[in-house]
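Undergrad: need a structure here:
(2 chains)
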Protein chains: 2
Amino acid sequence: MGGEIVVRPAADEDWAGLWPLWHAVVAAGETYPYDPETTSEAGRAMWFAPPPAYTWVAVAPNGGIVGTYQLKPNQLKLGDHVANAGFMVDPELRGQGVGRRLGEHCLNAARELGYRAMQFNAVVTTNTASLQLWRSLGFIIVGTVPRGFRHAVHGEVDMHIMHRFL
Amino acid sequence: MGGEIVVRPAADEDWAGLWPLWHAVVAAGETYPYDPETTSEAGRAMWFAPPPAYTWVAVAPNGGIVGTYQLKPNQLKLGDHVANAGFMVDPELRGQGVGRRLGEHCLNAARELGYRAMQFNAVVTTNTASLQLWRSLGFIIVGTVPRGFRHAVHGEVDMHIMHRFL
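TA: As a prediction, this is how the structure comes out:
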């Protein structure tokens, strides 16, 4: 799977195919602070936000969307040299390299857009797969917010802030 | 000054009186990531954002606005038990207790709104007065983002993430 997927910019028409994946990740309430009951319309408005946010999708050979990421400035003007990004992979395809493929693509895209660093504000500490992936891609934990995330299964858990220069 | 000012919810009509202070703080480019060239209209849209954001002003006996803060959730739904806040004090009135008065007021307002903690995402490390104030009000540094802020005078400087439970 990892070698066959194509990563390309998302088009408006991709939302219908992306929504089941996006909804599955958000509804689980385990990794993102989005309201688990976020509607398709509200999800689209956030994930397909206009520039300077940009969204990509990972597309399988059969045309199905298997992953996505959104890249945007982490702060307003005087902090907009630091990027922020969010990633989602089809829950049924985890562990097959899609996340790594998207992560590497995103780091390159951020460099091309002129960002100097990338920061994640809310890596839920129970999300060990993501933590391991970001560490392997050069991110370090620069902070930890205690009990900052209300996990659907584990209750209030800590969130890591992760960072790397580009 | 500190004992005479009144802190009250901001009304739309307050923006005209608040703008000179807000603009002076933002235009300096030393403490907030807002574009130093932010227009009055854009500033108003951000600082007077609708609920769940709430804004207060500190008003001097002569009716002049001498400070302000905005209180809002730091994250979307599953992280919205943690508040975020931003504070501004008239640059000509610093060191007179207005910031402390606003900080204490904000902590109480956050408790009344049901928040469980408060988090600042971008306390510029050169802003020693703010760091000292927040420490004295019970905040601790839970993380540091390297070179995350392009300071108008000092160039790229670190930002602290500060936190306290309520």
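
Undergrad: mind listing the strands for chain A?
TA: Per DSSP state E, chain A carries strands over the ranges A:6-9, A:54-59, A:65-73, A:82-89, A:117-124, A:140-151, A:155-165.

Undergrad: of all those strands, which lies closest to chain B?
TA: strand A:140-151 (1.4 Å; Cβ to the nearest Cβ). The way it works is simple: take the backbone N, C-alpha and C, and place the C-beta from them, glycine included.

Undergrad: so which elements touch that closest one?
TA: strand A:117-124, strand A:155-165, strand B:117-124, strand B:140-151, strand B:155-165 (3 or more Cβ pairs under 8 Å, 6 or more residues apart in numbering or on different chains; DSSP states H and E).

Undergrad: buried ones in the last one?
TA: Along strand B:155-165, these residues count as buried under the neighbour rule (16 or more other Cβ atoms under 10 Å in any protein chain shown): B:157, B:159-164.

Undergrad: closest to A:Thr128 out of those?
TA: Of all the buried residues of strand B:155-165, A:Thr128 sits closest to B:Ile161, with 22.1 Å by Cβ to Cβ.

Undergrad: quick check: closest non-adjacent residue to that closest one.
TA: The shortest distance from B:Ile161 to any non-neighbouring residue, by Cβ to Cβ, 6 or more residues apart in numbering or on different chains, is to B:Gly143 (3.9 Å).

Undergrad: tell me what that neighbour is bridged to.
TA: A:Gly143, B:Ile161 (DSSP bridges).

Undergrad: ok, it - contacts?
TA: Going by Cβ atoms under 8 Å, 6 or more residues apart in numbering or on different chains, B:Gly143 touches A:142-145, A:161, B:160-161.

Undergrad: among the residues you listed, which one sits closest to A:Gly64?
TA: Out of the contacts of B:Gly143, the member with the shortest distance to A:Gly64 (by Cβ to Cβ) is A:Ile161, at 33.0 Å.

Undergrad: now do the contacts for the closest one.
TA: Counting by Cβ under 8 Å, 6+ apart, A:Ile161 has contacts A:119-123, A:141-145, B:143, B:145, B:161.

Undergrad: please repeat the previous calculation with a cut-off of 10 Å.
TA: A:119-123, A:139-145, A:148, B:121, B:142-145, B:161 (Cβ atoms under 10 Å, 6 or more residues apart in numbering or on different chains).

Undergrad: in CSV, list the buried residues of strand B:155-165 along with pLDDT.
TA: CSV is the format used below for the buried residues of strand B:155-165 (pLDDT from 0 to 100):
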residue, pLDDT
B:Val157, 98
B:Met159, 98
B:His160, 98
B:Ile161, 98
B:Met162, 98
B:His163, 98
B:Arg164, 98
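
Undergrad: picking that back up, from the contacts of B:Gly143, pick the one nearest B:Met46.
TA: Nearest to B:Met46 among these: B:Ile161, at 20.4 Å, using Cβ to Cβ.

Undergrad: where are the low-confidence patches of chain A?
TA: Scanning chain A with the threshold set as pLDDT under 70 gives A:1-3.

Undergrad: brilliant, that's me finished.
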